[in-house]
Each structure stands twice: as structure tokens, then as C-alpha cells.
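Student: After the sequence you'll find the predicted model.
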Amino acid sequence: MERIKTGIAELDDKISGGYPKGKSVLITGGPGAGKTIFGLHFLHKGCTDGRKCMLLATEETPEDILMEAEIIGLGLQQYIDNEQLVIGRVLESRTGSTETAAQFGAGFEVSELDILERVRSVPADTEVVVIDNIGVFALDMGIKEFRNKIDTINHMLTNIGCTTLIIMDDTAYELTHKLAEYSVFGSIKLMVKENPYTGLRERYLDIPKMRGTDISLELSLFDITEKGITFRSSKTKSEKKVEK
């Protein structure tokens with residue numbers, strides 16, 4: 001199976017060389033877990049490898065996203081300038097609809113922003129897509145509607161050969177009974193929890209699913225640094241035996 005580099009060398013090593021090409025991978029996690037930064041790594045690597053990329057940003061403006069990427073050394077502005085990277089302004093559409101409704105009163109109907117329409121707008125020559133965060137669309141949907149839409153999204157993007165990273169916050173993930181995980185080819189869960197030995201809060205990565213891939217069920221410890229995501233080296237089995 002052909003792979004697309006994630007932009008994080010240690011993660012590539014954990015999933016046989018990268019995300020499965022032409023498939024969708026779900027990333028879930030709570031606030032501050034690093035979801036968006038994983039997406040930025042993928043976009044930056046896709047652009048540097050010469051791929052046409054698109055980000056559908058539902059929670060941040062393009063300006064804020066570009067600033068965040070620059071801070072961690074993953075500058076994207078040059079790829080915006082040469083039209084290799086396109087950022088869909090979904091946040092402005094969402095907030096604009098809310099402001100319109102507030103201005104004209106509760107009786108003024110504002111058409112619902114449909115995530116499917118956004119996905120249909122993805123150019124056919126796009127190779128890498130990041131949707132951050134699909135959870136904002138899930139909160140107003142029934143379970144059946146959400147499952148149908150995420151299945152349709154996967155089908156549409158797979159048909160044009162996109163390798164897609166779907167980011168979803170934990171709240172929406174739980175409210176939709178974790179159905180998104182059944183629709184995608186692979187899933188990565190990010191979490192922040194307290195180390196019982198040090199009392200410090202740390203970030204962990206779990207890979208519960210990645211079809212066609214030999215994956216470890218052990219949690220991986222990682223940090224968010226000025227260079228983005230870095231994994232802490234794990235001890236080999238032989239090293240653990242020596243400690244015992």
C-alpha cells in the first residue's frame with residue numbers, strides 16, 4: 001500500500017511510512033491535545049513534496065492558522081501565494097450566518113452551512129485534504145444523518161484520490177457515539193492525562209485502527225515544541241529487560 005508522509009518522522013515509523021494514500025484518517029482529542037498541529041505537519045509536508053493541498057478550517061481564520069504554522073517552523077504562506085495550498089474560509093461562513101440571524105431577528109431563516117457543499121468544492125487535482133474540525137457540523141445532526149454525511153465525505157474525497165485527515169473534537173466524537181471511527185480507514189487518538197508517577201500532565205498518542213498496517217497498541221508520549229510535534233524515544237524490549 002502506498003503511503004503519504006505525515007510530516008512527522010516518528011509517526012511515519014509507527015504506521016509503516018505514512019498515512020495510507022487515497023484514504024481518510026480520523027484524529028480525535030480534547031482541547032490542547034495537538035490535533036491542529038498534526039494537521040499542519042501534514043499540510044506542510046504535502047506542500048513541500050509538491051502536492052496540491054486544501055484545508056477546510058471551521059474554527060480558526062486562515063490568518064490565525066498561518067501564524068500558528070509560522071511559530072512552529074511550518075510556514076505555509078509561500079504555498080498560499082503560489083496557489084498550491086487553499087484554505088477554505090468556513091469559520092467566516094458560520095459566524096456570518098449567526099450574525100445575520102442576530103441582526104434580523106429569530107424569524108429570519110439562515111440556510112444551514114452544509115459540509116458536503118464544502119467538500120464538493122474541493123478541486124479534482126487536490127491530493128491532500130485536512131478538515132479541522134468536522135465536529136462543529138456534527139452537533140446539530142442526528143446520529144443517522146451524521147453517519148451518512150461522513151460516509152459520503154469519505155466516498156467523495158476517495159473518488160478523487162485525496163488523502164484526508166479528518167479532525168474531530170472529543171465532545172462531538174462522544175456525542176455521535178464514535179461513529180466516525182467506523183467510516184474511516186484509520187484513526188489516531190490524542191489525549192492529555194496526568195502521569196501518576198510525576199504528577200505532571202503529558203500528551204499521548206494512541207493508534208486504535210489503521211487498516212493494512214502493523215501497529216503497536218502501546219501509547220506513545222509526545223510533546224508540542226517550537227518545532228511542532230516531537231515524540232519521546234521509547235525504550236526497546238531489550239532495554240526494559242536490562243532495567244529489570
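Tutor: Perfect, thanks for sending it.

Student: how about low-confidence regions in this protein?
Tutor: Counting by pLDDT under 70, the ranges of the chain that qualify are 91-113, 234-244.

Student: try 90
Tutor: Counting by pLDDT under 90, the chain contains low-confidence residues at 58-62, 88-118, 121, 136-142, 195-196, 217, 233-244.

Student: just the helices in it please.
Tutor: The residue ranges that make up the helices of the chain, judged by DSSP state H, are 9-14, 35-48, 62-71, 77-81, 90-104, 115-120, 135-138, 143-159, 170-175, 180-183, 237-243.

Student: Output those in JSON lines; the columns should cover mean neighbour count and distance to F231.
Tutor: In short, each C-beta sits where N, CA and C put it, glycine included. Written out in JSON lines, the entries for the helices of the chain read as follows (neighbours: other C-beta atoms under 10 Å; distance: least, C-beta to C-beta, whole Å):
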{"stretch": "helix 9-14", "mean neighbour count": "16", "distance to F231": "4"}
{"stretch": "helix 35-48", "mean neighbour count": "23", "distance to F231": "12"}
{"stretch": "helix 62-71", "mean neighbour count": "15", "distance to F231": "20"}
{"stretch": "helix 77-81", "mean neighbour count": "13", "distance to F231": "25"}
{"stretch": "helix 90-104", "mean neighbour count": "13", "distance to F231": "30"}
{"stretch": "helix 115-120", "mean neighbour count": "16", "distance to F231": "31"}
{"stretch": "helix 135-138", "mean neighbour count": "22", "distance to F231": "25"}
{"stretch": "helix 143-159", "mean neighbour count": "17", "distance to F231": "28"}
{"stretch": "helix 170-175", "mean neighbour count": "16", "distance to F231": "21"}
{"stretch": "helix 180-183", "mean neighbour count": "19", "distance to F231": "23"}
{"stretch": "helix 237-243", "mean neighbour count": "8", "distance to F231": "16"}
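
Student: Let's have those in TSV, adding distance to R211.
Tutor: What follows is those, written out as TSV (distance: least, C-beta to C-beta, whole Å):
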stretch	distance to R211
helix 9-14	15
helix 35-48	18
helix 62-71	29
helix 77-81	30
helix 90-104	28
helix 115-120	22
helix 135-138	23
helix 143-159	13
helix 170-175	19
helix 180-183	12
helix 237-243	26
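
Student: so which of the ones you listed gets nearest G22?
Tutor: G22 sits nearest to helix 143-159 of all the helices of the chain, at 6.0 Å, using C-beta to C-beta.
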